[in-house]
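Enquirer: coordinates for the following, if possible.
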Amino acid sequence: MIVIKNQKLRHVFRWSIPFVGIPLLTFIGSVVLQGEYYLPVAFAGAFLSLILFASGFEKKKTGTRRIVIVSVMTALCFTGRFIPLLKPMIAFTIITAVWLGKESGFLTGSLSAVLSNFYFGQGPWTIFQMLTWGLIGWFAGLLAEPLKQNKIFLYSYGIISGIFYSFSMDIWTVLWYAKGFDWGLYRSALVTAIPYTISYILSNLLFLTLLMKPFSEKLERIKIKYGI
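Expert: Modelled structure (predicted):
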């Protein structure tokens, strides 16, 4: 288990990896490498996600306990991708982030993308999914308190997350189709993807409604019991 004890270095990793490191990796993978070597790019993204996760705790004992829970939540995300039509991955990512922190949320979203794609298919799109799901988790952790206390804010965040995921993946669609970014094609992709965007929104609303309360109670008890 990696432990980063330097407070300044931890702070740098917390902000640079999700907003500089992995976005830069996504740009290199999709534009510079033009979709080639996508698996090494995805593994590099997973490694950076682990470094980000390690920056969220100071003690090895606490980090070990947390990664066990995050592993379970990631496994639930993985399993959730097999559900047809409405899928709970984003909901699980948000719940993880709200109760275990933004670094845990990013790791859950990022790893669930790359791991589940070993079944659903790896490709240049994997790093886009890792970044998008990871950022949804990161911001959910940042907004943890209002998300816990206000259901309207929680559901609004679920709606925004569904739209954000759809819009982000449409960027990949344009880059793949046009071998570069084109605003006209992007607008067309957004319109074409409306049914998928709606399904993402409905999935988030449904599973946040069903899962938030029971998982929150269990995660809160675990946090108290094990001092996480």
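Enquirer: list the buried ones in the helix or strand Ser188 falls within?
Expert: For Ser188, the host element (DSSP states H and E) is helix 183-192. By neighbour count on 16 or more other Cβ atoms under 10 Å, the buried set for helix 183-192 is Leu185, Tyr186, Ala189, Leu190. The C-beta positions use only the backbone N, C-alpha and C, and glycine is treated the same way.
Enquirer: and stretch 159-179, by the same measure?
Expert: So stretch 159-179, judged by 16+ other Cβ under 10 Å, has buried residues 159, 161-166, 168-175.
Enquirer: biggest helix in the chain, by residue count?
Expert: Taking DSSP state H as the criterion, the chain has its longest helix at helix 194-226.
Enquirer: end to end on stretch 135-148, go ahead and measure it.
Expert: Distance across stretch 135-148, first residue to last, is 18 Å (Cα to Cα, to the nearest Å).
Enquirer: show me what counts as buried in that stretch.
Expert: Leu135, Ile136, Gly137, Trp138, Phe139, Ala140, Gly141, Leu143, Ala144, Leu147.
Enquirer: just stretch 18-33 next, same as before
Expert: Under 16+ other Cβ under 10 Å, the buried positions of stretch 18-33 are Pro18, Gly21, Ile22, Leu25, Thr26, Gly29, Ser30.
Enquirer: what kind of secondary structure is the fifth one in?
Expert: Using DSSP: H, G, I helix; E, B strand; the rest coil, the three-state assignment for Thr26 comes out as helix.
Enquirer: that one and Thr126 touch, don't they?
Expert: No - the criterion here is Cβ atoms under 8 Å, and Thr26 misses it with Thr126 at 10.0 Å.
Enquirer: on contacts alone, who are the packing partners of the host helix or strand of Glu103?
Expert: Using DSSP H and E, Glu103 falls within helix 102-120. Applying 3 or more Cβ pairs under 8 Å, 6 or more residues apart in numbering; DSSP states H and E, one finds that helix 102-120 contacts helix 38-54, helix 60-80, helix 89-100, helix 125-142.
Enquirer: can you do 10 Å?
Expert: With contacts defined as 3 or more Cβ pairs under 10 Å, 6 or more residues apart in numbering; DSSP states H and E, helix 102-120 has these neighbours: helix 7-16, helix 38-54, helix 60-80, helix 89-100, helix 125-142.
Enquirer: could you dump the ones you listed to TSV with distance to Ile228 and mean pLDDT?
Expert: Formatted as TSV, these follow (distance: least, Cβ to Cβ, whole Å; pLDDT from 0 to 100):
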stretch	distance to Ile228	mean pLDDT
helix 7-16	17	86
helix 38-54	13	94
helix 60-80	5	85
helix 89-100	7	95
helix 125-142	14	96
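Enquirer: measure Asn117 to Ile83 for me?
Expert: From Asn117 across to Ile83, the span is 16 Å (Cβ to Cβ, to the nearest Å).
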